[in-house]
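[1] Show me the folded form of this:
(one chain, ligands or ions: 1)
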Amino acid sequence: MPEALPRALSALLDSRGFSDPDALRLRLSWEADDLQGKILDPSAMKGFDRAVEILLAARERRETVVIHGDYDVDGMTGTALLWLSLRRAGVQCGWTLPRRDGEGYGLSDDSLDRCLRGEGVEGLPEGADPGATWVVSVDTGVTAGPQILRARAKGLGVIVTDHHLPGESFPDQAEALLDPHQEGCAYANKGLCGAGLAWKLGKAVLEATGAAQASDPMRLLQLVALGTLADMVPLTEENIALVRLGLRELRERPLPGIEELLLNAKIKPGTVPHGQEIVFRVTPRLNSAGRMRQGELAIRLLLSANAEEARRWMDELEDLNQKRQQLDQRITAEAMSQALAKCGPGGEPPQAFVLSGDTWHEGVSGIVAQRIAERFGRPVFVLAPDPGQPSEWRGSGRSVPGTDLHIALSRCAHLLEKWGGHAQAAGLSLRRDKAEEFRAEFLRAIEDARAGTSGPGPAGECRADLAEMDANLLGWLEKLEPWGPANPAPLFWTESVKIVSLARVGEGKHLRLSLRQEDHDVDGIGFGLGGQASRLSVGQSVRLAYQPEWNEFRGRRQVQLRIKEIT
Ligand SMILES: [Mn+2]
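    Sure, this is the predicted structure:
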């Protein structure tokens, strides 16, 4: 197979370090057998066997197990699939999410007490004692040591499944702690997301009870694919395999709720959706429920038993989604003007931004921070009032490539009530009277983090000719998907490209170009590049960095370039 690869693809894979023919073949494979071979044995994970043992014993003793999720897509898909698995394995279990008013995020004293009392727990079998003996967290819990200790004193055992980094140390108060990042954990895929971890736990319990054959855990990978893509975890080999298998399941055997979701997102039925379609059209619909702190809606949709039920939950989700879009627009505009006011006289941005508003909503902080970070190329925290804690801000942070938010936050830890996250995205709780101090300390930490990193050179990872951007290459590139962290969409570059025509489109924000290299013509679109029109002219020779893609217009399908940089 490798000899049939187009030159530009070989060069790309070479530059990414895949030159071994076997590794290459697997990297491009969507065959179920190849992909299943990439799924790692979970018993290498510290705490894993202990967690399975506890759940099997709880099943024997008919003790109530409550799955305690969290509000993002990863947490919600993980909660849904673990419930489906444990129920099929015969465990007496229900699920819950933190309550909207007052419980905060993750495992809290209030939410654990509520599990003990059996309040607000959905999905329990009829006649079951609603009060929990065990709580299994999904996608949360590594920062909840004190809460777990307190619950334990009241007779509630906690199994933590999480993939985040803790604030200071991992909670050894848990009966079992599963997090690939913890010290002494031999599990090789440190990029596994919360839903992936929950899936492995559910599958192991199903296998141990002999129910795996009948209940088909592979089908639930469709939920793991959503969680993995939405959480922006690095696309390691195992994660790529989980996503590809899950995307196939989405097409071949969608759950009723997923089918409704795909329909609503206008994904063509019967096709394997692209990762990008999932991230831009499918998961945001689930996310809106979580961000508005009504994640129950999303989970009920995912657990719908039939199309009729799924349609009902989908309608409610759509209403919520529209409310969220309105909030998003208003807060983005306000945050943008705050950010502009902090720029220097020549428009140069500060090292980082900490923006806040009393009428802002935590449900859109992350997306607003993302937009500001992209617009200015600087790390951003967006702070909104905490609905449960009037004296505190809740913040969502987004960073830019090369600047580690987690390290910067760790330097501010003494000012924060709660914090956690990754290099590129993080969250925090902060007392209002500490906000100014935090702002100053955070800017200093970011300044130090950025010192010594040189400015970016010209963009592009692989040189190519425009003539190479053809249907054959695009077909091969699809096989390399999904794109995301650690497997970015390839950026090609070409020199000596002549501008044949150029026009500003979309109220002047974007740039549409006709381009020529030797006798090869191709169209290009540069989103957000409208401002560069004034320094470009027809006939000029430029260097381009771009991603090739399909453009469908009036039934005609042709290759176009999505232009990222013109120099
Ligand atoms: Mn997660």
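[2] and the closest residue to the ion within the chain, what helix or strand is that in?
    Taking CB to the ion, the ion has its nearest neighbour within the chain at D74, 3.4 Å off. For glycine as for every other residue, the C-beta is placed from the backbone atoms N, C-alpha and C. Element membership for D74, per DSSP states H and E: helix 73-88.
[3] helices and strands around that helix, which ones?
    Here helix 73-88 touches strand 65-68, strand 93-96, strand 134-138, helix 194-208, helix 212-215, helix 221-230, helix 283-291, helix 295-302, going by 3 or more CB pairs under 8 Å, 6 or more residues apart in numbering; DSSP states H and E.
[4] among those, which gets the worst mean confidence?
    Mean pLDDT per stretch puts helix 212-215 lowest among the helices and strands packed on helix 73-88, at a mean of 85.
[5] List the contacts of it.
    Helix 212-215 is contacted by residues 85, 88-89, 203, 206 when judged by CB atoms under 8 Å, 6 or more residues apart in numbering.
[6] So what's the residue count around the residue of the chain closest to the ion?
    A count of nearby residues for D74, using other CB atoms under 10 Å, gives 32.
[7] What of Q294?
    By the criterion of other CB under 10 Å, Q294 has 17 neighbours.
[8] Okay, the closest residue to it other than its chain neighbours and A408: tell me how far apart.
    Excluding the flanking residues, the one nearest Q294 by CB to CB, 6 or more residues apart in numbering is L320, at 6.2 Å. L320 sits 33 Å away from A408 when distances are taken as CB to CB, to the nearest Å.
[9] So for the two, which residue has more residues nearby?
    Between L320 and A408, counting by other CB under 10 Å, A408 is the more crowded of the two (26 against 20).
[10] what helix or strand is that one on?
    Element membership for A408 (DSSP H and E) is helix 405-410.
[11] Give me the mean pLDDT for that helix.
    On average, helix 405-410 scores 91.
[12] Same check on stretch 466-484?
    For stretch 466-484, the per-residue pLDDT averages 94.
[13] near the ion, which residues of the stretch 101-250 of the chain?
    139, 194, 231 (CB under 5 Å from the ion).
[14] Could you identify the buried members of those?
    Neighbour counting over those (16 or more other CB atoms under 10 Å) leaves 139, 194, 231 as the buried ones.
[15] mind checking how far the most centrally placed residue in the chain is from G270?
    For the chain, D231 is the residue whose C-alpha lies nearest the centre (CA atoms, centre = their mean; 1.7 Å). Distance of D231 to G270, given as CB to CB: 27 Å.
[16] coming back round to it: ranking the contacts of helix 212-215 by neighbours, who comes first?
    Within the contacts of helix 212-215, neighbour counts (other CB under 10 Å) peak at S85, which reaches 27 neighbours.
[17] residue contacts, that one?
    S85 is in contact with 199, 201-203, 205-206, 215, 217, 220, counting by CB under 8 Å, 6+ apart.
[18] again, but for P125
    Counting by CB under 8 Å, 6+ apart, P125 touches 87, 92.
[19] Closest to L81 out of the buried ones among the residues of the stretch 101-250 of the chain next to the ion?
    G194 (10.5 Å; CB to CB).
[20] Hmm, that closest one is touching Y71, no?
    No: with contact defined as CB atoms under 8 Å, G194 does not reach Y71; the gap is 11.6 Å.
[21] Pass me the low-pLDDT residue ranges in this structure, would you?
    Low-confidence segments of the chain (pLDDT under 70): 1-3, 452-456.
[22] Break it into its domains for me.
    The chain resolves into domains spanning 42-316, 332-450, 458-566 when parsed by automatic domain parsing.
[23] Would you confirm that R463 contacts F492?
    Yes: using CB under 8 Å, R463 is in contact with F492, at 7.3 Å.
[24] Can you give me the neighbour number for R281?
    17.
[25] cool, and the one 10 residues further on?
    As a burial measure, R291 scores 25 neighbours (other CB under 10 Å).
[26] Identify the residues contacting it.
    The contact partners of R291, by CB under 8 Å, 6+ apart, come to 71, 324, 362-364, 366.
[27] just G227 next, same as before
    73-74, 77-78, 139, 193-196.
[28] what does this protein put close to the ion?
    74, 139, 194, 231.
[29] Find the pair from the residues you listed with maximum spatial separation.
    D139 and D231 (8.2 Å).
[30] For the two, list the residues in contact with both.
    Residues touching both D139 and D231 (CB under 8 Å, 6+ apart) are 72, 74, 193-195.
[31] Closest one of the residues you listed to L477?
    Of the shared contacts of D139 and D231, the one sitting nearest to L477 (CB to CB) turns out to be C193, at 24.1 Å.
[32] isn't that closest one right up against T161?
    No: contact criterion CB under 8 Å: C193 and T161 do not qualify, at 10.8 Å.
[33] okay, and the common contacts of these two?
    Common neighbours of C193 and T161 (CB under 8 Å, 6+ apart) are 78, 139.
[34] Where is the longest helix in the protein?
    Scanning the chain for the longest helix, with DSSP state H as the assignment, gives helix 307-341.
[35] Check which element follows that one along the chain.
    strand 353-356.
[36] before we move on, the earlier item: how about the helix holding A408: buried residues?
    Of the residues in helix 405-410, those buried (16+ other CB under 10 Å) are 405-406, 408-409.
[37] Ok, stretch 144-162 next?
    Within stretch 144-162, the residues scored as buried using 16+ other CB under 10 Å are 144-145, 147-148, 151, 156-162.
[38] Please list all residues in contact with the closest residue to F492 other than its chain neighbours.
    The shortest distance from F492 to any non-neighbouring residue, by CB to CB, 6+ apart, is to A464 (4.4 Å). Going by CB under 8 Å, 6+ apart, A464 touches 8, 11, 492-494.
[39] how about a cut-off of 7 Å?
    A464 makes contact with 8, 492, 494, according to CB atoms under 7 Å, 6 or more residues apart in numbering.
[40] L561 now?
    469, 522, 524, 544, 546, 548.
[41] count of neighbours near R312?
    14.
[42] And T79, by the same measure?
    As a measure of burial, T79 has 32 neighbours, counting by other CB under 10 Å.
[43] Next one: it relative to S429, how far apart?
    For T79, the distance to S429 (CB to CB) stands at 22 Å.
[44] for the closest residue in space to S169 that isn't next to it in sequence, phi and psi?
    Nearest residue to S169 in three dimensions, chain neighbours excluded: G145, at 7.4 Å (CB to CB, 6+ apart). As for G145, its main-chain torsions (degrees, to the nearest 10) stand at phi -50, psi -50.
[45] and the gap between G145 and L12?
    45 Å.
[46] circling back: just to be careful, could you list which of the contacts of R291 are in strands?
    Among the contacts of R291, no residue falls in strands (DSSP state E).
[47] Which helix or strand contains A174?
    With DSSP H and E as the test, A174 turns up in no helix or strand.
[48] pretty sure it contacts I148?
    Yes: if you go by CB atoms under 7 Å, A174 and I148 touch, sitting 5.3 Å apart.
[49] Show me whatever sits in contact with both of these two.
    Taking CB under 7 Å, 6+ apart as the criterion, A174 and I148 both touch V158.
[50] Secondary structure element holding I446?
    Per DSSP H and E: helix 435-450 holds I446.
[51] Would you indicate which residues of that helix are buried?
    In helix 435-450, counting by 16+ other CB under 10 Å, buried: 435, 438-439, 441-443, 445-446, 449-450.
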